[in-house]
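**Student:** Quick check, what structure comes out for this input:
(2 chains)
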Amino acid sequence: GENVEQHPSTLSVQEGDSAVIKCTYSDSASNYFPWYKQELGKGPQLIIDIRSNVGEKKDQRIAVTLNKTAKHFSLHITETQPEDSAVYFCAASNDYKLSFGAGTTVTVRA
Amino acid sequence: KAGVTQTPRYLIKTRGQQVTLSCSPISGHRSVSWYQQTPGQGLQFLFEYFSETQRNKGNFPGRFSGRQFSNSRSEMNVSTLELGDSALYLCASSLARLNTEAFFGQGTRLTVV
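**Tutor:** Numbers count the residues shown, from 1 in each chain, chains lettered A, B, ... in the order given. Below you'll find the predicted structure:
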């Protein structure tokens, strides 16, 4: 089955700086890669996704890149703000289910 | 537009008991998937329902089951509860199957004592 590895497990950044989270996947058939943000006491919230026919996607301060050859994808958050503090999960899907990374706890220091 | 609604939010059960969790998907969404979230194992796929049929099941024992109704609402049941079943159970709603956006509810926090 699909195996998704996510790094780093924790990330502390100064407000205004950028944050980068990287994931690798094992199943070359995976073709959909969403990112989720989970705040304490809440369910995961879809923040951005990318499909295998696209190399990069951007939505305001958030961008995701995909390298299908190397089987890795990354989340970039620019101009971080305190409200970006949360746990972020990457996921990969090739059909019916999402396989998640272990999560990255992002702390934005004021 | 209402999001995914899961009830109850919190549950405390005793070992050996059974429990039923409920999920109401986003209006118009026909696919419902369930995930278990624990600190040790992370987010793991339980099963997927589409058009009232279980389409796929994850690597969980038969004590975990579910169903979907004609209005797309879904329930999952866990019988003979074990301490290790303590987790956050999340329901995800999708418009269709196969790599479409999945939106999660807030989850049901189950504690087995």
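**Student:** who in chain B is up against chain A?
**Tutor:** Contact residues of chain B with respect to chain A, defined by CB under 8 Å from any CB of the partner chain, are listed as B:4, B:6, B:33, B:35, B:42-45, B:48, B:55-56, B:58, B:90, B:92, B:97-99, B:101-107. Quick note: C-beta positions are derived from backbone N, CA and C, even for glycine.
**Student:** Report the buried residues of the host helix or strand of B:Arg55.
**Tutor:** B:Arg55 belongs to strand B:53-57 when assigned by DSSP states H and E. Along strand B:53-57, the positions that meet the burial threshold by neighbour count (16 or more other CB atoms under 10 Å in any protein chain shown) are B:55, B:57.
**Student:** and the next element down the chain from the lowest-mean-pLDDT helix or strand in chain B?
**Tutor:** Ranked by mean pLDDT, DSSP states H and E, the helix or strand of chain B with the weakest confidence is strand B:53-57, at a mean of 92. Scanning forward in sequence from strand B:53-57, with DSSP H and E defining helices and strands, the next element found is strand B:64-68.
**Student:** So in terms of bridging, what pairs with B:Gly66?
**Tutor:** On the basis of DSSP bridges, B:Gly66 is bridged to B:Met76.
**Student:** Also A:His76?
**Tutor:** In this structure, A:His76 has beta-bridge partners A:Val20, A:Ala63, where bridges are defined by DSSP bridges.
**Student:** one step back: compute the inter-axis angle for the strand holding B:Arg55 and strand B:64-68.
**Tutor:** Orientation note: strand B:53-57 sits at an angle of 140 degrees relative to strand B:64-68 (axes from the mean of the first three to the mean of the last three CA atoms, to 10 degrees).
**Student:** Need the contact partners of strand B:53-57.
**Tutor:** With CB atoms under 8 Å, 6 or more residues apart in numbering or on different chains as the contact definition, strand B:53-57 has outside contacts at A:96-97, B:45-49, B:66-68, B:97.
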